[in-house]
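J.: Prediction below, plus the sequence it came from.
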Amino acid sequence: MYFLYPIVFTLEVEQVKSLEFPAVSICNFNRMMKFGLSSGTPLLLSEGSSSMYCNTANDSEREEIKDSLQQHYEMDEEWRWRKGHKPSRFMQKCLFRGRICPQNRITYFQNLRYGNCITFNKLNKEMEALTVSDVGPNTGLILELNLESVTYHPSTKALGVRVVIHHPNETPSPEDQGFNANPCTEISVSLRQSIMHRLPTPFRDHCVDYERRQGSSVSNQKDCVRTCIQTENFVKCGCIDPTLNVM
């Protein structure tokens, strides 16, 4: 049966006049501001463990950090939003193709590790895809960010932002995607688009065209995997994993 369906790989390099622009999500390293909180979970265990080693020095400070992490986990989304960095102060400038970014292209989401995050160019059904036809800083996206470092909570050990570049239909996952950007620096990112078309059945049985799938909110493979994990968790233990940004 294997030899009846040989694998054929064809590579084509195509020069097109314009390309669809991806979505860009940014998160501050600091999930919560130190003002307003008195100074676990699978996600927080790694952070809390650094405050549990056997040493009597600074015990009170470590206990405060552990308590604040637990407080943050127990908050609902509204309170986490209030305690986090406000997007209007975090993103000081947003230009796309030399013009101020349209407000309807800027959306927000919450992440348990990174707090309040911003996404540029998350698509919905009413929007047309943004395109670019040239390379260079004046033809893409320019962001200027304010980290508000003086408000960093003691549990945050580094200054910077997490940047995730993804498909406009995808839900960003800063924990396992993206790269870090340091403060007081200027970073230029260039991309090359690769598109893979897989042959239909019988060459690959379980390949799914998520964009054409009817009656499903899952738009890509990563969200599909996360949704399956959440569904299995709920069926077996009646709970879901708050670190997965689905369901």
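T.: Arrived safely. Computed from a predicted structure; not experimentally measured. Numbering: from 1, shown residues only.
J.: can you map out the strands along the protein?
T.: According to DSSP state E, the chain carries its strands in the segments 19-20, 23-28, 91-96, 99-100, 106-111, 115-120, 131-132, 141-145, 161-166, 179-181.
J.: Of all those, which one is nearest residue 237?
T.: Among these, strand 106-111 comes nearest to residue 237, with 22.8 Å by C-beta to C-beta. (C-beta placed from N, C-alpha, C; glycine too.)
J.: Can I get that closest one in PDB, CA atoms only?
T.: Provided in PDB are the C-alpha atoms of strand 106-111 (Å, rounded to 0.1, in the frame of the first residue of the first chain):
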ATOM      1  CA  ILE A 106      -5.900  46.600  17.100                       C
ATOM      2  CA  THR A 107      -7.300  44.100  19.500                       C
ATOM      3  CA  TYR A 108      -6.400  42.900  23.000                       C
ATOM      4  CA  PHE A 109      -6.200  39.600  24.800                       C
ATOM      5  CA  GLN A 110      -5.100  38.300  28.200                       C
ATOM      6  CA  ASN A 111      -2.400  35.700  28.900                       C
END
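J.: Run through the neighbouring helices and strands of it.
T.: helix 77-83, strand 115-120 (3 or more C-beta pairs under 8 Å, 6 or more residues apart in numbering; DSSP states H and E).
J.: tilt between that strand and strand 115-120?
T.: Per axes from the mean of the first three to the mean of the last three C-alpha atoms, to 10 degrees, the angle that strand 106-111 makes with strand 115-120 is 150 degrees.
J.: lowest confidence element among the helices and strands of this protein?
T.: Least confident element among the helices and strands of the chain, by mean pLDDT, DSSP states H and E: helix 45-49 (a mean of 46).
J.: Is it possible to get a markdown table of the helices and strands packed on strand 106-111 that adds mean pLDDT?
T.: Converted to a markdown table, these look like this (pLDDT from 0 to 100):
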| stretch | mean pLDDT |
| --- | --- |
| helix 77-83 | 79 |
| strand 115-120 | 94 |
